[in-house]
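Need a 3D model of the sequence below.
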Amino acid sequence: MWKSHWGLERDPFTESDALYVSLPTHDEAVARLVHTIETAERRALVTANAGLGKSTILRKAFAEMQSPRRRFALVSCTREGTLLFALLAERLAERVGREPSRLASWRALERAIRLASIQGIHVVLGIDDCHFASSDARRDIESLANLGTGTNTLLTVVQAGRRSRVRRDDRADRWTLAIRLESLTRSEAETFLATKLARAGCRESPFTARAMTRLHCHCGGVPRGLQQLATRCLMAGAS
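Modelled structure (predicted):
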């Protein structure tokens with residue numbers, strides 16, 4: 001009922017509606033990731049607090065770089081490396097047994113990357129939610145960038161996780177590109193909401209300038225919080 005009250009064709013803020021909204025902060029992060037992939041850099045790290053759009057940034061950059069000469073594998077991080085290696089290998093179309101050992105999973109992933117390298121294909125591995133990884137799994141993730149070292153293997157490993165739980169390992173590679181997402185500014189928050197509402201069929205934003213300022217203040221510029229709070233406001237306003 002509340003959606004029809006505001007002239008909306010659907011809920012503009014559902015988790016399934018992950019349409020990218022062009023904002024200066026996010027556009028810069030996407031551009032830097034795209035450059036990393038274009039130049040076949042080995043590693044990149046995207047960090048941000050919860051709800052700032054890490055997953056959206058990864059999906060957008062990967063979508064922009066789709067090419068017959070590239071192969072992408074994007075997975076959510078697991079707590080242990082065996083399953084992580086198996087998931088990545090399967091995303092690269094390499095068959096893994098039902099209950100593979102750690103060594104078997106690693107070798108399956110290695111085969112997939114080696115086969116792609118023979119064909120001149122650049123492999124891009126994306127591991128999201130790295131903050132959930134155990135200490136052992138973090139070491140496993142770090143080891144991914146060493147696959148095919150010393151050969152002509154084209155491999156890029158992109159990690160994404162919360163800033164407080166994922167840190168760059170200077171001992172591994174102090175030149176790793178680190179991208180940190182910041183909270184949205186007041187104007188970015190307004191653009192974000194207006195774009196989402198317009199895509200759902202709302203011709204004019206129901207939020208006044210004062211309301212937008214209060215929304216931005218209460219959610220701290222976090223897109224996820226902004227969407228949740230805006231939904232509750234629209235429901236309350238309709239009732």
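
now the residue nearest to the spatial centre of the chain, nearest residue through space, not along the chain?
Per C-alpha atoms, centre = their mean, the C-alpha nearest to the average position across the chain is that of Ser55, at 2.3 Å. Once flanking residues are discounted, Ser55 sits nearest to Asp128: 5.5 Å by C-beta to C-beta, 6 or more residues apart in numbering. (C-beta placed from N, C-alpha, C; glycine too.)

Would you mind naming the residues that bridge with the one you found?
Beta-bridge partners recorded for Asp128 (DSSP bridges): Ser76.

Identify the residues contacting the residue nearest to the centre of the chain.
Residues in contact with Ser55 (C-beta atoms under 8 Å, 6 or more residues apart in numbering) are Ala18, Asp128, Asp129, Ala160.

Format the residues you listed as CSV; extra columns: distance to Thr78, pLDDT and neighbour count.
Output for the contacts of Ser55, formatted as CSV (distance: C-beta to C-beta, whole Å; pLDDT from 0 to 100; neighbours: other C-beta atoms under 10 Å):
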residue, distance to Thr78, pLDDT, neighbour count
Ala18, 21, 70, 11
Asp128, 11, 93, 20
Asp129, 9, 90, 18
Ala160, 14, 93, 26
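
what's near enough to touch the nearest residue to Arg70 once chain neighbours are set aside?
In space, and not counting its chain neighbours, Arg70 is closest to His122: 4.7 Å by C-beta to C-beta, 6+ apart. Contacts here follow C-beta under 8 Å, 6+ apart; on that basis His122 touches Ile37, Ala40, Arg69, Arg70, Arg71, Ala116, Leu154, Leu155, Thr156.

now with 6 Å?
Residues in contact with His122 (C-beta atoms under 6 Å, 6 or more residues apart in numbering) are Ala40, Arg70, Leu154.

now swap in Pro24 and tell me
Pro24 sits next to no residue when contact means C-beta under 6 Å, 6+ apart.

Tell me the pLDDT of Asp170.
In this prediction, Asp170 carries a pLDDT score of 46.

Any stretches of this protein with poor pLDDT?
Along the chain, the parts satisfying pLDDT under 70 run over 15-17, 150, 164-175.

can you give me the helices for it?
With DSSP state H as the criterion, the chain has helices at 2-5, 24-38, 54-64, 81-91, 102-118, 135-144, 186-199, 209-219, 223-238.

Distance to Val75 for the ones you listed - can I get that in a markdown table?
Shown next, in a markdown table, are the helices of the chain (distance: least, C-beta to C-beta, whole Å):
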| stretch | distance to Val75 |
| --- | --- |
| helix 2-5 | 34 |
| helix 24-38 | 17 |
| helix 54-64 | 11 |
| helix 81-91 | 5 |
| helix 102-118 | 11 |
| helix 135-144 | 11 |
| helix 186-199 | 27 |
| helix 209-219 | 29 |
| helix 223-238 | 21 |
